[in-house]
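Colleague: Quick one, what's the 3D model for this:
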Amino acid sequence: DLPELKDCELSLDGGVALLQFNRHDVRNELTGTAIAREIITVCEWANANPQVGALVLTGNGTAFSAGGNIHDMHRRKGMFGGTPIEIQNGYRQGIQRMALAMNALEVPAIAAVNGAAIGAGFDLCCMCDIRLGSEHAKMGETFVNLGIIPGDGGAWFLPRVVGPQRAAELTFSGRVIGADEAKEIGILLDVHPAEELLPACMAMATGFASKPREALRTAKRLLRSGQRMQLPDFLDYCASLQSICHTTAEHEDAVQGMVDKVR
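Modeller: Okay, the predicted model is just below:
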């Protein structure tokens with residue numbers, strides 16, 4: 001069964017889960033809606049559901065996500081109000097849980113960047129494995145413009161996407177870039193006309209989901225583990241997981257299929 005959501009729409013077809021942010025009225029902001037909490041719910045659901053082979057995230061309307069609610073910041077309302085400890089706990093118990101959930105997601109995640117992805121919305125894109133954008137995509141690590149920092153973990157994710165030098169330039173300048181530059185510097189894998197973006201993402205995700213599921217999830221674990229482990233330890237880890245993969249039914253079926261093809 002699909003989890004019940006308030007501010008997002010979720011579907012599952014052919015092993016691909018499609019999560020659409022459905023708060024166009026506030027440009028799919030993350031801090032003043034249930035979207036961040038529902039991303040956590042969907043990540044946990046996907047991890048526990050072997051029918052899920054990939055996850056696509058996108059925004060309904062003109063924006064992917066505008067990030068934080070600037071009006072709440074101005075009024076010091078919600079997670080932006082209270083004592084320093086209360087604000088800290090608001091981040092730790094709120095949007096930072098989304099970052100942890102996205103980082104712990106076991107299936108490939110593709111961001112279909114249909115429009116503006118600003119601040120925390122941009123960081124959410126960087127939490128995905130792959131980003132495809134429409135010609136209308138606008139992206140920016142804009143926190144410094146408001147006199148704040150990426151409190152959602154963006155300074156951890158962005159250098160892993162574009163490297164430390166480009167991440168520094170984007171973070172220090174707070175500038176917003178268009179789709180073509182985002183592709184040029186490696187944020188977007190590709191750019192599509194608006195009407196072709198979601199079909200392209202779904203086709204890619206369907207291809208991923210068609211692969212042996214346990215191997216797919218294990219490969220993603222390896223990609224994430226390789227960022228934090230020393231090579232000798234990582235190779236031991238690879239050998240251990242590979243020894244499991246060699247004994248699975250999906251491996252035997254795949255090898256048998258290959259052997260049958262070359263006969």
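Colleague: wouldn't Ala111 be in contact with Leu57 here?
Modeller: Yes. At 5.3 Å, Ala111 counts as touching Leu57 under the criterion of C-beta atoms under 8 Å. The way it works is simple: take the backbone N, C-alpha and C, and place the C-beta from them, glycine included.
Colleague: Spit out the residues that contact those two alike.
Modeller: With contacts defined as C-beta atoms under 8 Å, 6 or more residues apart in numbering, the residues shared by Ala111 and Leu57 are 124, 128.
Colleague: And the strands in the stretch 151-263 of the chain?
Modeller: The residue ranges that make up the strands of the stretch 151-263 of the chain, judged by DSSP state E, counting those that start in this stretch, are 176-178, 190-192.
Colleague: so Met139 sits right up against Ile187, yeah?
Modeller: Yes. Met139 sits in contact with Ile187 when judged by C-beta under 8 Å, with a separation of 6.3 Å.
Colleague: Report the set of residues contacting both of the two.
Modeller: Common neighbours of Met139 and Ile187 (C-beta under 8 Å, 6+ apart) are 125, 177.
Colleague: okay, now the closest residue to Gly68 other than its chain neighbours: neighbour count?
Modeller: Sequence neighbours aside, Thr31 is the residue nearest to Gly68 in space, at 4.6 Å (criterion: C-beta to C-beta, 6 or more residues apart in numbering). Using other C-beta atoms under 10 Å, Thr31 has 24 other residues around it.
Colleague: do the same with Leu10
Modeller: 18.
Colleague: Does it lie in a helix or a strand, and which?
Modeller: When elements are assigned from DSSP states H and E, Leu10 belongs to strand 8-13.
Colleague: Show me which positions of that strand end up buried.
Modeller: By neighbour count, with 16 or more other C-beta atoms under 10 Å as the criterion, the buried positions of strand 8-13 are 8, 10, 12.
Colleague: got it, and stretch 191-210?
Modeller: Taking 16+ other C-beta under 10 Å as the basis for neighbour counts, the residues of stretch 191-210 that come out buried are 191-192, 197-198, 200-202, 204-206, 208-209.
Colleague: List the contacts of it.
Modeller: Stretch 191-210 is contacted by residues 14-16, 18, 52-56, 58, 108, 110, 112-114, 130, 132-137, 179-180, 182-183, 190, 216 when judged by C-beta under 8 Å, 6+ apart.
Colleague: quick one: average confidence on that stretch?
Modeller: pLDDT averaged over stretch 191-210 equals 98, rounded to a whole number.
Colleague: what's the answer for stretch 51-59, then?
Modeller: Stretch 51-59 comes out with an average pLDDT of 98.
Colleague: so Met79 makes contact with Gln88?
Modeller: No. Contact status for Met79 versus Gln88: not in contact, 9.9 Å apart, counting by C-beta under 8 Å.
Colleague: quick one, which of these two is more surrounded?
Modeller: Met79 (21 against 14).
Colleague: what's the neighbour count on the residue nearest to that one when sequence neighbours are not counted?
Modeller: If you skip the residues right next to it in sequence, Met79 has Gly90 as its closest partner in space, 3.4 Å away by C-beta to C-beta, 6+ apart. Applying other C-beta under 10 Å, we find 18 other residues in the vicinity of Gly90.
Colleague: Give the rounded mean pLDDT of the host helix or strand of Gly90.
Modeller: Assigned by DSSP H and E, Gly90 falls within helix 84-93. Averaging the model's pLDDT scores along helix 84-93 yields 94.
Colleague: Stretch 248-263 too?
Modeller: This predicted structure assigns stretch 248-263 an average pLDDT of 92.
Colleague: Please identify the buried residues of that stretch?
Modeller: His251.
Colleague: I would like the C-alpha coordinates for it, written out in CSV, please.
Modeller: Extracted C-alpha coordinates of stretch 248-263, given in CSV (Å, rounded to 0.1, in the frame of the first residue of the first chain):
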residue,chain,number,x,y,z
THR,A,248,21.6,-15.0,-5.2
ALA,A,249,18.8,-16.4,-7.5
GLU,A,250,18.8,-13.1,-9.4
HIS,A,251,22.5,-13.5,-10.2
GLU,A,252,22.0,-17.1,-11.3
ASP,A,253,19.0,-16.1,-13.5
ALA,A,254,21.0,-13.2,-15.1
VAL,A,255,24.0,-15.4,-15.9
GLN,A,256,21.8,-18.2,-17.3
GLY,A,257,20.1,-15.6,-19.5
MET,A,258,23.5,-14.4,-20.8
VAL,A,259,24.7,-18.0,-21.5
ASP,A,260,21.5,-18.7,-23.4
LYS,A,261,22.0,-15.7,-25.6
VAL,A,262,25.5,-16.7,-26.7
ARG,A,263,24.7,-20.3,-27.5
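Colleague: Lovely, talk soon.
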